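Q: Return a 3D structure for these sequence lines:
(one chain, ligands or ions: 1)
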Amino acid sequence: MSTGVSVAEMEPFHFEGTEIAPGTGVEVSLELGDGPAGNRRSIPVYILHGTSPGPVMGLIAGIHGDELNGVSVVHHLIHGDDHIANTDDDTIDRTQLSGTLICVPVVNIEGMLLEQRGAPDNRDINRLFPGKKEGNQSQRIAHALFEGVVKRSDYLIDLHSAPHSRTNLPHVRADFDLKDCLDLARAFGTQIILHSNGPKGSLRREASKHDTPTILLEAGTAHRFEMDAVHAGIEGVLNVMGHLGMIERKARLPAVRLLVRRSKWARAEAGGLLYSLVKVGDHVKKGQKIALITDPLGAKTHTIESPRTGVIVGLALNPLVRAGDPIANIVLCSATKWRRAQVEPDTQDPEEESVDDEESVDDA
Ligand SMILES: [Zn+2]
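A: Numbers count the residues shown, from 1 in each chain. Prediction:
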């Protein structure tokens with residue numbers, strides 16, 4: 001969406017007292033006040049400001065301190081594969097960018113250092129948006145992000161992974177009842193999109209309510225850089241930027257896309273030690289054995305069968321299970337359709353199917 005405006009005519013972008021010239025990328029931060037050792041606490045932010053007018057998009061990772069795949073997605077989008085900005089392999093050319101990309105690689109820095117989901121006070125920041133200026137430490141982090149980044153963004157992508165006890169096939173979650181969110185989710189280009197308006201206080205719910213359409217990526221598991229999940233994130237963000245006219249890009253979308261209103265978890269009917277027989281992305285038939293449960297000496301005590309025919313989107317990784325624990329999140333889909341969804345993504349107009357099973361993703 002080049003408008004032909006020259007660099008000289010494009011206004012600089014201002015962030016917390018720093019002026020960012022068109023066609024540049026600049027490191028800035030959101031200040032949070034001192035830590036226990038008198039150390040300065042802040043959220044690092046990197047701003048790519050384009051040379052022609054366009055939307056402001058926020059890209060946020062690490063609200064949960066142990067979810068690292070999204071952190072790597074942001075790193076690659078800022079610096080390219082060699083991790084050196086302004087070299088040939090950079091994914092986003094600042095001089096060709098329309099609009100502004102606000103990158104937040106890690107919101108919950110102290111949670112990351114502690115290798116935990118919550119802030120040092122153990123609260124989940126992703127239940128506290130829009131935050132409180134004079135609230136507790138986690139509410140203040142939420143407030144700083146909401147005021148500094150969310151309110152300034154026209155669109156937002158929030159990058160997450162499953163908790164350490166589970167893993168997810170990369171998929172986008174969005175509120176299907178908000179057209180702008182669903183459009184962003186379709187543009188991102190995962191084969192599976194799950195409907196979810198997000199829990200109360202979650203970034204995607206509160207930001208979307210404040211007129212910043214927001215989608216969430218769930219990719220892989222916590223505590224890891226998993227490059228398949230990272231690349232799915234990079235591709236998706238670039239697809240969305242192309243869709244919004246921020247960069248020149250031919251969308252690369254899957255041949256088949258499932259819009260899932262509800263999906264169902266297969267659950268353990270007995271406790272014990274879990275041996276999973278499937279991986280995320282596998283297609284399973286109704287009645288197919290997907291896991292074994294053993295006693296402490298390893299003898300099989302139970303078999304878990306798939307309650308439906310479909311695709312494994314989420315999977316338990318923790319071998320310790322109790323009756324009722326979720327084992328596999330399965331999205332209804334025929335084997336033929338899922339095979340078609342696997343072809344190299346380069347479609348412009350995917351075949352779309354709606355799936356409505358009996359349980360919501362938020363119930364896990
Ligand atoms: Zn998360």
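Q: Got the domain ranges for the chain?
A: 7-252, 265-346 (automatic domain parsing).
Q: and the first one with the ion, contact?
A: Yep, that's domain 7-252 we're talking about. Yes: counting by CB under 5 Å from the ion, the ion is contacted by domain 7-252 at H64, E67, H160. C-beta coordinates here come from the backbone N, C-alpha and C atoms, glycine included.
Q: just the buried members of those?
A: Those of those that meet the buried threshold are H64, E67, H160, by 16 or more other CB atoms under 10 Å.
Q: Among those residues, which lie within strands?
A: In strands, defined here by DSSP state E, the members of those are H160.
Q: would you turn the buried ones among the residues of domain 7-252 next to the ion into TSV with pLDDT?
A: Below are these laid out as TSV (pLDDT from 0 to 100):
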residue	pLDDT
H64	98
E67	97
H160	98
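Q: Could you point out which of the buried ones among the residues of domain 7-252 next to the ion is nearest to K264?
A: H160 (21.1 Å; CB to CB).
Q: quick revisit: tabulate the buried ones among the residues of domain 7-252 next to the ion (CSV), appending distance to D124.
A: Shown next, in CSV, are those (distance: CB to CB, whole Å):
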residue, distance to D124
H64, 8
E67, 12
H160, 12
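Q: Just give me the closest of the buried ones among the residues of domain 7-252 next to the ion to E351.
A: H160 (27.3 Å).
Q: For the closest one, list each beta-bridge partner.
A: Beta-bridge partners of H160, counted by DSSP bridges, are E218.
Q: Let me see the contact set for it.
A: I63, H64, E67, G70, L216, L217, E218, A219 (CB atoms under 8 Å, 6 or more residues apart in numbering).
Q: again, but for A270
A: So A270 contacts I293, T301, H302, A323 (CB under 8 Å, 6+ apart).
Q: in this structure, which ranges drop under the pLDDT threshold?
A: Residues of the chain meeting the criterion pLDDT under 70: 1-8, 359-364.
Q: Do a quick rundown of the helices in it.
A: 69-79, 109-113, 137-145, 179-188, 203-209, 227-243, 335-341 (DSSP state H).
Q: Can you list the helices and strands that the last one packs against?
A: In terms of contacts (3 or more CB pairs under 8 Å, 6 or more residues apart in numbering; DSSP states H and E), helix 335-341 is packed against strand 256-262, strand 283-284.
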